[in-house]
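Engineer: Provided below for reference: sequence and predicted model.
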Amino acid sequence: MSELWPDKFFPKDLSQFIGNSDIVENTKKWGEQWEKGKIGKPLLFFGATGVGKTCLATLLAKYFGWQIFEMNASDTRTKDIIERVAGAASQGSSLLGGRRLIFLDEVDGLQGNADRGGVAAINKIIKQSKHPVILTANKIYGNQKMLPFRSSCELMQFKKINYLSIAKKLRELLESEKIEFNPEAIKQLAQNCAGDFRSALLDAQTLSLSGKKIDIEMVESLGYRERQQDIFKTLGQIFKADSVEKIRAARFKADIDSEMLFRWVEENIPRHFTEGNDMANAFERLSRADIFNGRIRRRQHYGFLRYSSELMTSGVALSREHEYGGWIQYQFPGLIRKLGSSKGLRNLKKNLGLKVGKLVHSSSHEVMARDLPFLQLVFKKKENAIALSAGLDLDENEIAFLLGTKPTTKKVKTVFDAAQGLRAKHLIQKRKEFSRLEVSIQPVEDLVPKESPEQAAKPEREEGQSQTRLF
Ligand SMILES: Nc1ncnc2c1ncn2[C@@H]1O[C@H](COP(=O)(O)OP(=O)(O)OP(=O)(O)O)[C@@H](O)[C@H]1O
Ligand SMILES: [Mg+2]
């Protein structure tokens with residue numbers, strides 16, 4: 001299993017840390033004060049995901065040679081862990097005699113029963129610690145639990161990383177991995193990641209797996225993935241969790257609606273739950289969730305959302321009998337991708353339906369459902385294809401669809417050209433008929449008796465007297 005790039009290319013030291021240089025400088029000074037024995041205020045790193053909050057805390061500890069005592073969101077804040085960390089914080093020095101970094105990662109993930117008392121305990125730690133303390137969070141406003149931390153810590157807001165710096169770093173590491181790339185494509189990739197270094201690394205790794213030169217088209221193929229990194233992370237946390245509380249915490253942190261999460265779970269159950277009966281059990285729970293979703297849709301009874309969202313996450317994850325470690329490659333839901341990429345096809349069918357519908361006096365919908373397969377059959381004969389294409393004024397894409405081939409093929413071109421020829425012939429014929437009609441119709445004025453000089457002097461035409469000619 002290949003190592004994930006965010007881990008593989010984790011900066012070796014502070015000099016490799018990119019962006020937020022003011023924070024790096026200030027935290028270094030803060031560390032130096034601690035080294036001189038001066039107790040400093042705990043730091044609260046906050047900001048968007050993947051910008052290096054956890055990374056900087058780790059690098060600082062390395063820089064000063066501090067031992068890290070860590071507690072993060074994936075630990076349930078059990079009494080044991082809190083006591084262990086609190087104990088480490090209250091003692092004067094570590095076993096080896098050095099300083100410790102008390103690192104409370106992702107404190108905004110504090111949630112539910114498992115963390116009950118966690119906030120108070122952490123508060124106690126940060127107030128009484130004899131060692132440097134760093135907390136991290138994504139959002140610190142609009143969350144009641146963050147209030148005490150906001151007032152007792154020095155706040156350090158991480159800005160998103162400039163895309164040019166991300167692009168530069170990506171180019172370096174792609175070169176070191178001997179992967180060919182188009183520099184413009186890498187710039188685009190970096191831009192798409194909106195300052196999130198982790199997702200830039202993961203995207204670059206995903207594209208490198210193809211073994212081809214990374215070009216703009218490949219980068220664009222990643223374009224549909226809005227906040228995909230977050231969903232990947234959430235999915236892993238949900239599928240690997242061992243308690244409902246952890247799963248709820250993961251869902252709470254994620255920016256994904258219930259329906260979308262359902263699709264992600266559905267798509268990735270076979271990729272994750274590969275042992276024994278785990279897959280069957282997971283799908284069984286998911287289908288129960290779907291039954292509730294159906295009831296919600298039919299009866300507008302949103303109370304059932306409680307059950308469906310619990311079943312499709314905790315129900316699925318906790319039905320497993322085996323543990324799955326390591327990295328699992330999750331996939332974007334196929335159904336959603338199909339709907340996205342088939343938009344053009346759906347539009348084409350709709351337009352075709354409208355054209356045929358006009359002719360047979362049916363709605364586009366009816367034609368699409370009932371007549372299109374029949375039309376495809378009729379199209380198998382070339383003469384029919386030409387005549388119908390001419391009659392319905394079909395374009396190359398529509399002809400290609402009915403012929404079941406690509407618009408660029410010779411077959412399509414032949415039918416299209418012949419159909420256009422037929423239409424032109426038809427138009428010429430029509431025009432001829434019209435012009436014959438024109439000749440045979442006497443001009444209206446010829447039918448009107450010749451005006452007498454007095455009448456001609458009359459300035460205005462009498463009402464109802466038409467001067468219009470047919471053509
Ligand atoms: N500023 C940076 N310089 C160099 N590498 C970085 C930087 N920021 C992030 N990375 C890379 O991205 C990965 C993710 O960063 P990190 O875990 O520190 O993000 P974070 O800000 O803690 O995000 P989250 O809020 O999701 O926890 C790191 O493993 C590292 O490889
Ligand atoms: Mg982090």
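Structural biologist: Alright, I've got the coordinates. Ligands and ions are numbered 1, 2, ... in the order given.
Engineer: show me where the stretch 51-200 of the chain has its strands.
Structural biologist: Using DSSP state E, counting those that start in this stretch, the strands found in the stretch 51-200 of the chain span residues 67-71, 100-104, 133-137, 154-158.
Engineer: any chance of those in JSON lines, plus mean neighbour count?
Structural biologist: The C-beta positions use only the backbone N, C-alpha and C, and glycine is treated the same way. Listed next are the strands of the stretch 51-200 of the chain as JSON lines, based on neighbours: other Cβ atoms under 10 Å:
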{"stretch": "strand 67-71", "mean neighbour count": "18"}
{"stretch": "strand 100-104", "mean neighbour count": "24"}
{"stretch": "strand 133-137", "mean neighbour count": "26"}
{"stretch": "strand 154-158", "mean neighbour count": "16"}
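Engineer: adding distance to ligand 2 and mean pLDDT, write these out as a markdown table.
Structural biologist: Converted to a markdown table, the strands of the stretch 51-200 of the chain look like this (distance: least, Cβ to the ion, whole Å; pLDDT from 0 to 100):
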| stretch | distance to ligand 2 | mean pLDDT |
| --- | --- | --- |
| strand 67-71 | 11 | 85 |
| strand 100-104 | 10 | 89 |
| strand 133-137 | 6 | 93 |
| strand 154-158 | 10 | 95 |
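Engineer: surely residue 46 is within a helix?
Structural biologist: No: using DSSP: H, G, I helix; E, B strand; the rest coil, the assignment for residue 46 is strand, not a helix.
Engineer: wouldn't it be in contact with residue 149 here?
Structural biologist: No: taking contacts as Cβ atoms under 8 Å, residue 46 lies outside contact range of residue 149: 9.5 Å.
Engineer: what's the overlap in contacts for the two?
Structural biologist: The contact sets of residue 46 and residue 149 overlap at 137, 140 (Cβ atoms under 8 Å, 6 or more residues apart in numbering).
Engineer: show me the shaky parts of the stretch 151-300 of the chain.
Structural biologist: Residue ranges of the stretch 151-300 of the chain with pLDDT under 70: 222-230, 253, 255.
Engineer: can you give me the helices for it?
Structural biologist: Taking DSSP state H, counting those that start in this stretch to define them, one finds helices in the stretch 151-300 of the chain at 163-176, 183-192, 197-208, 216-221, 228-240, 244-253, 258-272, 278-299.
Engineer: residue 90 is nearest to which of those helices?
Structural biologist: Of all the helices of the stretch 151-300 of the chain, helix 244-253 sits nearest to residue 90, with 26.9 Å by Cβ to Cβ.
Engineer: and the closest one, C-alpha only, in PDB?
Structural biologist: Presented in PDB, the C-alpha positions along helix 244-253 are these (Å, rounded to 0.1, in the frame of the first residue of the first chain):
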ATOM      1  CA  VAL A 244     -21.800   6.000  17.800                       C
ATOM      2  CA  GLU A 245     -20.300   9.000  19.500                       C
ATOM      3  CA  LYS A 246     -17.300   9.100  17.300                       C
ATOM      4  CA  ILE A 247     -19.400   8.600  14.200                       C
ATOM      5  CA  ARG A 248     -21.700  11.500  15.200                       C
ATOM      6  CA  ALA A 249     -18.600  13.700  15.900                       C
ATOM      7  CA  ALA A 250     -17.300  12.900  12.400                       C
ATOM      8  CA  ARG A 251     -20.600  13.700  10.800                       C
ATOM      9  CA  PHE A 252     -21.000  16.900  12.800                       C
ATOM     10  CA  LYS A 253     -17.600  18.100  11.600                       C
END
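Engineer: by contact count, what packs against it?
Structural biologist: helix 228-240, helix 316-318 (3 or more Cβ pairs under 8 Å, 6 or more residues apart in numbering; DSSP states H and E).
Engineer: which residues of this protein lie near ligand 1?
Structural biologist: 6, 9-11, 17-19, 49-55, 106, 138, 161, 197-198, 201 (Cβ under 6 Å from any ligand atom).
Engineer: which of these fall in helices?
Structural biologist: Of the positions in the residues of the chain next to ligand 1, 6, 53, 54, 55, 197, 198, 201 sit in helices, assigned by DSSP state H.
Engineer: now the two most distant members of those residues.
Structural biologist: 53 and 201 (15.5 Å).
Engineer: now the helices for the stretch 301-450 of the chain?
Structural biologist: 305-310, 316-318, 334-341, 343-360, 364-366, 372-378, 382-392, 396-403, 410-440, 444-447.
Engineer: out of the helices and strands packed on helix 244-253, flag the one nearest ligand 2.
Structural biologist: Across those, ligand 2 has its closest neighbour in helix 228-240 (10.3 Å, Cβ to the ion).
Engineer: got the contact list for the closest one?
Structural biologist: Helix 228-240 is contacted from outside by 49-50, 74, 196, 198-199, 202, 222, 246-247, 250-251, 253-256, 260-261, 264-265, 268, 272-273, 313, 316-317, 323-325, 328, 330, 332, using Cβ under 8 Å, 6+ apart.
Engineer: local confidence estimate at the closest residue to ligand 2 within the chain?
Structural biologist: Per Cβ to the ion, residue 54 is where the chain lies closest to ligand 2, at 3.2 Å. On the pLDDT scale, residue 54 is placed at 93.
Engineer: which residue is the nearest non-sequential neighbour of it?
Structural biologist: residue 105 (5.7 Å; Cβ to Cβ, 6 or more residues apart in numbering).
Engineer: could you count how many residues lie near the one you found?
Structural biologist: Using other Cβ atoms under 10 Å, residue 105 has 20 other residues around it.
Engineer: apart from its neighbours in sequence, what residue is nearest residue 108?
Structural biologist: Among residues not flanking residue 108 along the chain, residue 137 sits closest, at 3.9 Å (Cβ to Cβ, 6+ apart).
Engineer: same question but for residue 268, I mixed them up
Structural biologist: Leaving out its chain neighbours, the residue that sits closest to residue 268 by Cβ to Cβ, 6+ apart is residue 330, at 4.7 Å.
Engineer: likewise residue 84?
Structural biologist: residue 69 (7.7 Å).
Engineer: and if you look at residue 148?
Structural biologist: Setting aside the residues directly before and after it, residue 148 is nearest to residue 123 in space (Cβ to Cβ, 6+ apart), at 5.1 Å.
Engineer: quickly note the distance from that neighbour to ligand 1.
Structural biologist: Going from residue 123 to ligand 1 by Cβ to the nearest ligand atom, to the nearest Å gives 21 Å.
Engineer: neighbours of that residue, how many?
Structural biologist: Residue crowding around residue 123 was assessed by other Cβ under 10 Å; the count is 14.
Engineer: mind checking pLDDT for it?
Structural biologist: Note on residue 123: pLDDT of 82.
Engineer: that one contacts residue 151, correct?
Structural biologist: No: in this structure, residue 123 is not within contact of residue 151 by Cβ under 8 Å, at 9.9 Å.
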